[in-house]
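>>> I'll drop the sequence and a predicted model, then ask my questions.
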Amino acid sequence: MPGQSEKLKILVTHPEITKVVINLLSRDYEVIICQSLPPTRSEILEKCKGVHAVLWASNLKLDKEIIDAIGPQLKAISTKSAGIDFVDVEEFRRRKIPLGHVPHVQNDAVANMAVGLLLAAARRFHEGRLKIESNNWETYTLNWLLGQDLRDSVVGFYGFGGIAQAIATRLSGFDIDSVLYTTRSRVSEEIEKKYNAKKVDFDTMLAQSDFVIIASPLTKETAGVFNATAFAKMKKTAVLVNIARGGVVNQQDLYEALKAKQIFAAGLDVMTPEPLPSNDPLLSLPNVVVMPHTGSAIKRTRDDMSILAAQNILHGLAGEPMPAPAY
Ligand SMILES: O=C(O)[C@H](O)CO
């Protein structure tokens, strides 16, 4: 136990966390900051011993080894991401250690990325650039580089939480016809009305959607569900967008489907693995638009994410419920 004048310790696992957060945490606690860039597990394992809370700003595995290295005085950890597929949540639950994550604050930024990818894939941005680079303008034909239209389209969502709804809000400005969504439980009637949305089973969503947007967490249930069987059920003109996690998609099957033009195009902010090797076959396809998992990469959004993570651990240290508990 620390003495009366000794402050409890918080480990921040990344040197670039905004000063606002460091100042906030330093008011009542001693803050230890990891310095390695990229963050290393070895530095975290060394510095985490004896701390009382951790702001986990990394997607390195957060597991039993780390919890054991910290020690039994640990009171709270928060990730700085919405997705927690790199965390052994069961271990936290079993030991009753408060675990926070960071949902909602990145909805707008990620939704903007999704719309960007959707338009870029539907309107063939990558292929257009390749044509320019190879001096292959075919503007003499009347139907060169025709894309897919959002107007009057059906947009299907796999997962219909905050990010998906923020995407649907934006797409309503493109005069889409309706929204289909596949989730475990139905959203409220009010939300369905707002987006002209209907809950349908996975196969119906795949078969009837012109655009399919993956916006679900990666879990045992969602891993690899977008596979060859799923792609075979989609329209040939369909555009797939993934801003969730690469693991929801079987990437080899996606590659085959795109190459065979079984579906029209894909826009991906997430993939497997990350970083994607520069010689990955996916990158050889003209009908894929890729971004390196930067959906939330807006300064204000990233700061908001750090602030919410800090609030999670401050509440955890005070023995209060976190604003955004992960379980
Ligand atoms: O989960 C999130 O918040 C983003 O995808 C960053 O990992």
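Sure, I can see it.

>>> quick one: contacts for residue 104?
82, 162, 324 (Cβ atoms under 8 Å, 6 or more residues apart in numbering). Quick note: C-beta positions are derived from backbone N, CA and C, even for glycine.

>>> How is this protein divided into domains?
4-103+299-317, 107-290 (automatic domain parsing).

>>> for those, which one sits closest to the ligand?
Across the domains of the chain, the ligand has its closest neighbour in domain 4-103+299-317 (3.2 Å, Cβ to the nearest ligand atom).

>>> and the residue nearest to residue 61 when sequence neighbours are not counted, what is it in contact with?
Leaving aside its sequence neighbours, residue 61 sits nearest to residue 86 (Cβ to Cβ, 6 or more residues apart in numbering; 5.5 Å). By Cβ under 8 Å, 6+ apart, the contact list for residue 86 reads 59-62.

>>> are any of the residues you listed buried, and which?
59, 62 (16 or more other Cβ atoms under 10 Å).

>>> Would you format the contacts of residue 86 as a markdown table with distance to residue 302 and pLDDT included?
Below are those laid out as a markdown table (distance: Cβ to Cβ, whole Å; pLDDT from 0 to 100):
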| residue | distance to residue 302 | pLDDT |
| --- | --- | --- |
| 59 | 14 | 91 |
| 60 | 18 | 96 |
| 61 | 22 | 97 |
| 62 | 19 | 98 |
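
>>> check the contacts of residue 86 against the ligand, which are close?
Residues shared between the contacts of residue 86 and the neighbourhood of the ligand: none [Cβ under 6 Å from any ligand atom].

>>> picking up where we left off before, of the contacts of residue 104 - the most surrounded one?
Using other Cβ atoms under 10 Å as the neighbour test, the contacts of residue 104 are led by residue 82, with 24 neighbours.

>>> Let me see the backbone angles for the residue nearest to residue 61.
When read as degrees, to the nearest 10, the backbone of residue 86 gives phi -90, psi 0.

>>> Model confidence score at it, please.
pLDDT for residue 86: 96.

>>> before we move on, back to that, which of the contacts of residue 104 fall within strands?
Per DSSP state E, strands hold no members of those.

>>> Residue 222: which of those residues is nearest?
residue 82 (14.4 Å; Cβ to Cβ).

>>> Without its sequence neighbours, what residue ends up closest to that closest one?
residue 103 is the one closest to residue 82 (Cβ to Cβ, 6+ apart), at 4.6 Å.

>>> Secondary structure class of the one you found, three-state.
At residue 103, secondary structure determined by DSSP: H, G, I helix; E, B strand; the rest coil is coil.

>>> tally of neighbours for it?
A count of nearby residues for residue 103, using other Cβ under 10 Å, gives 20.

>>> check contacts around it.
Contacts of residue 103 (Cβ under 8 Å, 6+ apart): 82, 162, 324.

>>> got CSV for those residues, with pLDDT too?
Below are those laid out as CSV (pLDDT from 0 to 100):
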residue, pLDDT
82, 95
162, 97
324, 98
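
>>> give me the element residue 66 is part of.
Assigned by DSSP states H and E, residue 66 belongs to helix 64-70.

>>> Please identify the buried residues of that helix?
66-67, 69-70.

>>> filter the contacts of residue 103 by proximity to the ligand?
Okay, of the contacts of residue 103 touching the ligand (Cβ under 6 Å from any ligand atom), that's residue 82.

>>> Nearest to residue 252, out of the contacts of residue 103: which one, please.
residue 82 (26.6 Å).

>>> quick one on the thing from earlier: please identify which pair of the buried residues of helix 64-70 lies farthest apart.
In those, two members sit farther apart than any others by Cβ to Cβ. They are 67 and 69, at 7.4 Å.
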